[in-house]
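please work out how this folds:
(one chain, ligands or ions: 1)
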Amino acid sequence: MIRLSNVHKSYLSGGKPLHVLKGIDLHIHPGEFVAIMGHSGSGKSTLLNILGLLDQHDTGEYWLDNVRVHRLSEAQAARFRNRCLGFVFQSFHLVAFKNALENVTLPLYYQKVRRKDRKRLGLEYLEKVGLRDRAGHFPTQLSGGEQQRVAIARALITHPKVILADEPTGALDSKTSYDVMELFQTINRSGITMIIVTHESDIAAMAGRIIRIHDGVIQG
Ligand SMILES: Nc1ncnc2c1ncn2[C@@H]1O[C@H](COP(=O)(O)OP(=O)(O)OP(=O)(O)O)[C@@H](O)[C@H]1O
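Numbering: from 1, shown residues only. As a prediction, the model looks like this:
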């Protein structure tokens, strides 16, 4: 599903180049559940942003779903993301003035799906994450775990092949974190490739494979 070969990425930091990824080699097979770990500043989010086509690597090869993705235009990257990828973030990224149903169906709105179909599908996906009865609630009326479930339903509604999650349990207590990871395991069993970044080793242990990044390279 994903193959990186000798991927490098630098940022300009205070006018000087900061070499963050120093030759990443990585294979992730379809249907895998991978956790990326590493100390703060090791390049985990940089790697996830590159995997998610939110940022571009400098050199090296990146193959996603059998396509060599390098130097895509903004529009090409956006099309690829919509077709193939779903995102979940630590801070949920829900729209505050939209209710749970409207948040979940937002990607369908941009895909110009009819209102009636959006509602039907939105309720179906809220059901999948156990929140059908919260459809009319706004983010402030939901717990952190519920907000993350809404965000997960929103990521799922476009049928992504891969879900990328950056510290998805970082803002949740441990019980809620386990519940979210169990939901990810269920999603993964349906065939979706899962890639999460986490600091927490007990959370990472719930994935199928742990990848450790240290000083810009993958260990082991
Ligand atoms: N847009 C940017 N411009 C300049 N430097 C950046 C940029 N993004 C990240 N960096 C730097 O690159 C390094 C790696 O950052 P990254 O966010 O990938 O680390 P991380 O492993 O995800 O860290 P954390 O666990 O603290 O979130 C850090 O030193 C960071 O300051």
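
C-alpha only now, for contacts and for neighbours.
OK.

residues touching the longest helix along the chain, excluding its own?
For the chain, the longest helix by residue count, based on DSSP state H, is helix 174-189. For helix 174-189, contacts defined as CA atoms under 8 Å, 6 or more residues apart in numbering pick out Gly31, Glu32, Phe33, Val129, Gly145, Gln148, Arg149, Thr169, Met194, Ile203, Met206, Ala207.

helix or strand for the fifth one, which one?
This points to Gly145. Taking DSSP states H and E as the definition, Gly145 sits inside helix 144-156.

Leu12 too?
strand 2-13.

mind checking what helix or strand follows that strand in sequence?
Following strand 2-13 toward the C-terminus (DSSP H and E): strand 16-28.

just the CA atoms of the helix or strand just after that next one, as PDB, please.
As assigned by DSSP H and E, the chain's next helix or strand after strand 16-28 is strand 33-37. Presented in PDB, the C-alpha positions along strand 33-37 are these (Å, rounded to 0.1, in the frame of the first residue of the first chain):
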ATOM      1  CA  PHE A  33      -2.100  -1.500  11.400                       C
ATOM      2  CA  VAL A  34       1.100   0.300  12.100                       C
ATOM      3  CA  ALA A  35       2.000   2.600  15.000                       C
ATOM      4  CA  ILE A  36       4.900   5.100  14.500                       C
ATOM      5  CA  MET A  37       6.800   5.900  17.700                       C
END
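
now do the buried residues in the longest helix of the chain.
For helix 174-189, the neighbour count (16 or more other CA atoms under 10 Å) marks Thr176, Ser177, Tyr178, Val180, Met181, Leu183, Phe184, Gln185, Ile187, Asn188 as buried.
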